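Visitor: what's the 3D shape of this:
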Amino acid sequence: MQDVSVHEGFWFAYLSVSTPLIKAITQTISACPNCTRIVYTGHSLGGALASLAMMDATYYYQITQPAPALYTFGQPRTGNEGWAKFMQLLSGSITRVVHNADIVPHVPPMLFGYHHLAVEVWMSGAAGDFTVCDNSGEDPNCADKITSLSIPDHLYYVGHNHSLGTLHGC
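Guide: Numbers count the residues shown, from 1 in each chain. Presented below is the predicted three-dimensional model:
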């Protein structure tokens, strides 16, 4: 197996919630003996944490049934290429959605050794156009070809606005 590394900040953020999360996963699986799939999902940092949760549950805790699936939206690069390949071995069902020129999937940069999970689904326009990209995780014909990046594209996924909105008192 190649050298497997993940971003330290993402890893420590995951560790801060891992104990109750793994407990919730095992309780949910126990309560649903006929379930066929466990889905890990998240937007932005939540996508990075969901990918780490899937790795932790599947590899370290050996929670492989029901079958794991990962769906992320606007996920930053979370680890290196060794990690991306390792994740493919854990689950053949990984989908990473990128909305057009979303800035977040372009950080941290590949220049520093970070690499995306495959398979990317690139939503290239407002009309719902999408491309299922190659299995490299870094398809030069998809979001990686965009050089003019957008914060608003990060806040809008699949018809939902994920901006912070208005703060309300408690």
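
Visitor: does residue 61 touch residue 21 like I think?
Guide: No - proximity of residue 61 to residue 21 does not meet the contact threshold set by C-beta atoms under 8 Å, at 10.6 Å. (C-beta placed from N, C-alpha, C; glycine too.)

Visitor: so for the two, which sits in the more crowded spot?
Guide: Of the pair residue 61 and residue 21, residue 21 is the one with more neighbours under other C-beta atoms under 10 Å, namely 18 against 12.

Visitor: what's the distance between the more buried one and residue 14?
Guide: Look at residue 21 and residue 14: by C-beta to C-beta, to the nearest Å, they are 8 Å apart.

Visitor: residue 26 now?
Guide: Where residue 14 is concerned, residue 26 sits at a distance of 17 Å (C-beta to C-beta).

Visitor: now swap in residue 146 and tell me
Guide: Residue 146 sits 28 Å away from residue 14 when distances are taken as C-beta to C-beta.

Visitor: looking at residue 26 and residue 14, which is more packed in?
Guide: Neighbours were counted for residue 26 and for residue 14 using other C-beta under 10 Å; residue 14 has more, 21 against 13.

Visitor: with adjacent residues omitted, what lies nearest to the more buried one?
Guide: Ranked by C-beta to C-beta, 6 or more residues apart in numbering and with sequence neighbours excluded, the top spatial neighbour of residue 14 is residue 52, at 4.1 Å.

Visitor: where's the one you found, which helix or strand?
Guide: Residue 52 belongs to helix 45-55 when assigned by DSSP states H and E.

Visitor: sheet partners, orientation included, of the lowest-mean-pLDDT helix or strand in the chain?
Guide: Of all regular secondary-structure elements in the chain, judged by mean pLDDT, DSSP states H and E, the least confident is strand 160-161 with a mean of 76. Strand pairing for strand 160-161, determined by DSSP bridges: strand 156-157 (antiparallel).

Visitor: quick one: contacts of stretch 14-27?
Guide: Stretch 14-27 is contacted from outside by 38, 48, 49, 52, 53, 56, 57, 61, 63, using C-beta atoms under 8 Å, 6 or more residues apart in numbering.

Visitor: and the lengthiest helix in the chain, how far out from the chain's middle?
Guide: Ordering each helix of the chain by length in residues (DSSP state H) puts helix 8-31 first. Relative to the mean C-alpha coordinate of its chain, helix 8-31 is positioned 15 Å out (C-alpha atoms, centre = their mean, to the nearest Å).

Visitor: mean confidence score for that helix?
Guide: If you average the pLDDT over helix 8-31, you get 97.

Visitor: moving C-terminal of it, what's the next helix or strand?
Guide: Along the chain past helix 8-31, the next helix or strand (assigned with DSSP H and E) turns out to be strand 37-43.
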